[in-house]
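# my questions are about this predicted structure, shown below with the sequence.
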Amino acid sequence: MDWQHNGVKIVPAGELDPNTPQTAGMTRAAAITHARTGAAKLWAGTVLVQPNAKTGPHHHGELETVLYIVRGRARMRWGERLEFSGEAGPGDFIYVPPYVPHQEINALPDEPCEAVVVRSGQDPVVVNLDLESPEPASTGSPTPFHPKP
C-alpha cells in the first residue's frame, strides 16, 4: 500500500473549498470530500451563520448530521410541528438523525454562529418541508437558507 498518497490527509484551515452550495445568511466551506481527500462515506466542512438567520423546515433524508459549535449560539427546532427546541454553544455537539424534520436558527441577534458540520454521505440532500414554524424562516433574502437540490 502506498501510505504516503493513500494515508492521512491534512486540510489546512486556509484551504477549505468555498465552491459548495451557498445560501443567503450563511457561508459554507468544504474540507473533507471525495474529490479533495478520497472520503467515501463522510462529508465535513464549516458553516458560518449570520446573526438572526433562520432556515425553513427541512430534513436531510437518510443522512446523519453532526454539528460542533465553535462560536456563537445555535438553536434547533425539531419534530412533526417543530415543537421541540434546544440550544447549543461553543464546545457543544448537535446530532440530527435521518429524516428528522428540523430548523436551524442563529440564536444571537448580533453575533455569527460558526460550526463544523459532518455528514454521513457525500450527497447534499435537503428536503424542504411545508411546515409552519413557531419561528418563521428569515425573510428578505432571495434564496432560502437551504436551497432546493
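Good, I have the coordinates. Numbering: from 1, shown residues only.
# ramachandran coordinates for residue 39?
When read as degrees, to the nearest 10, the backbone of residue 39 gives phi -60, psi 140.
# got the contact list for it?
32-33, 122 (C-beta atoms under 8 Å, 6 or more residues apart in numbering). Yep, even glycine has a C-beta here, placed from its N, CA and C like the rest.
# now name the helix or strand holding the spatially most central residue of the chain.
Note on the chain: the residue nearest the mean C-alpha position is residue 117, at 5.4 Å, using C-alpha atoms, centre = their mean. Element membership for residue 117, per DSSP states H and E: strand 113-119.
# the helix or strand following that strand packs against which elements?
Later in the chain than strand 113-119, the nearest helix or strand by DSSP H and E is strand 127-128. Judged by 3 or more C-beta pairs under 8 Å, 6 or more residues apart in numbering; DSSP states H and E, strand 127-128 is in contact with strand 58-59.
# average pLDDT for the helix or strand following the strand it packs on, rounded please.
Per DSSP H and E, the first helix or strand lying C-terminal to strand 58-59 is strand 65-71. For strand 65-71, mean pLDDT rounds to 96.
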